[in-house]
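Participant: 3D, please:
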Amino acid sequence: MHFKYCPHCGNKLVKKEIGDEGAIPFCEKCNIPLWDMFTTSIIAAVVNEQNEIALLRQNYVSTVKYVCVAGIMKIGESAEEAVIREIKEEIGLDADEVKFIKSYPYKKKEMLMLGYKANVKKADFKISEEVDSAEWVKFEDALSLLREGSIGWQLVKKIIESHDDKQSETTIIKKNTVGLR
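Facilitator: Numbers count the residues shown, from 1 in each chain. Sure thing, here's the model as predicted:
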């Protein structure tokens, strides 16, 4: 959100040099700078113990591709609380563990999306009214169901690569320990 008028008093803003920030919208009446704002949201790759990811169909987003659990953070809520709440609201599952993966600026919608991996126990979904359907999808099939390059696709790709790296490390350790016996 780009301010042109002060949200406190309604005065038209002027540009004022603020330290290293450059020219910032400034209210001379309230004597405050008003930086551009963005909405903070979460996006979660919900993963079960069978290395499957919960993918959602939300027709208001896409009728062709799937998406991950996502939602806007509420005032006073941590990102982790938002992840747990959104998973419960959208697919009716309880997250056992949430792990921050990466932040993703989403310029088109003036958002910052905080990407998480959330572990859950596999169960049937209890989907909300805003979700048209949900499926458990094997890691190897997930990327093809998401819009390539989307934030959900980037997040799932990162989680799959991290999982593959851990599997490789385990294999190497097991191979190395076999010769030690």
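Participant: which residues in this structure form strands?
Facilitator: Ranges of strands in the chain, per DSSP state E, are 14-17, 23-27, 32-33, 39-47, 52-57, 69-72, 95-106, 111-120, 133-138.
Participant: so who does the spatially most central residue of the chain touch?
Facilitator: Nearest to the mean C-alpha position of the chain, counting by Cα atoms, centre = their mean, stands residue 43 at 2.0 Å. If you count contacts by Cβ atoms under 8 Å, 6 or more residues apart in numbering, residue 43 has them with 68-70, 104, 113-116, 151-152, 155. For the C-beta atoms, the positions are set from N, CA and C on the backbone; glycine is no exception.
Participant: who's the closest spatial neighbour of it, skipping the chain neighbours?
Facilitator: Spatial nearest neighbour of residue 43, excluding adjacent residues (Cβ to Cβ, 6 or more residues apart in numbering): residue 70 at 4.3 Å.
Participant: burial check on the one you found, number of neighbours?
Facilitator: Counted by other Cβ atoms under 10 Å, the residues lying close to residue 70 total 23.
Participant: for it, what are its contacts?
Facilitator: 41-44, 86, 113, 152.
Participant: I'd like those as JSON lines, with distance to residue 128 and pLDDT appended.
Facilitator: Formatted as JSON lines, the contacts of residue 70 follow (distance: Cβ to Cβ, whole Å; pLDDT from 0 to 100):
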{"residue": "41", "distance to residue 128": "16", "pLDDT": "97"}
{"residue": "42", "distance to residue 128": "16", "pLDDT": "98"}
{"residue": "43", "distance to residue 128": "16", "pLDDT": "98"}
{"residue": "44", "distance to residue 128": "15", "pLDDT": "98"}
{"residue": "86", "distance to residue 128": "10", "pLDDT": "98"}
{"residue": "113", "distance to residue 128": "19", "pLDDT": "97"}
{"residue": "152", "distance to residue 128": "18", "pLDDT": "97"}
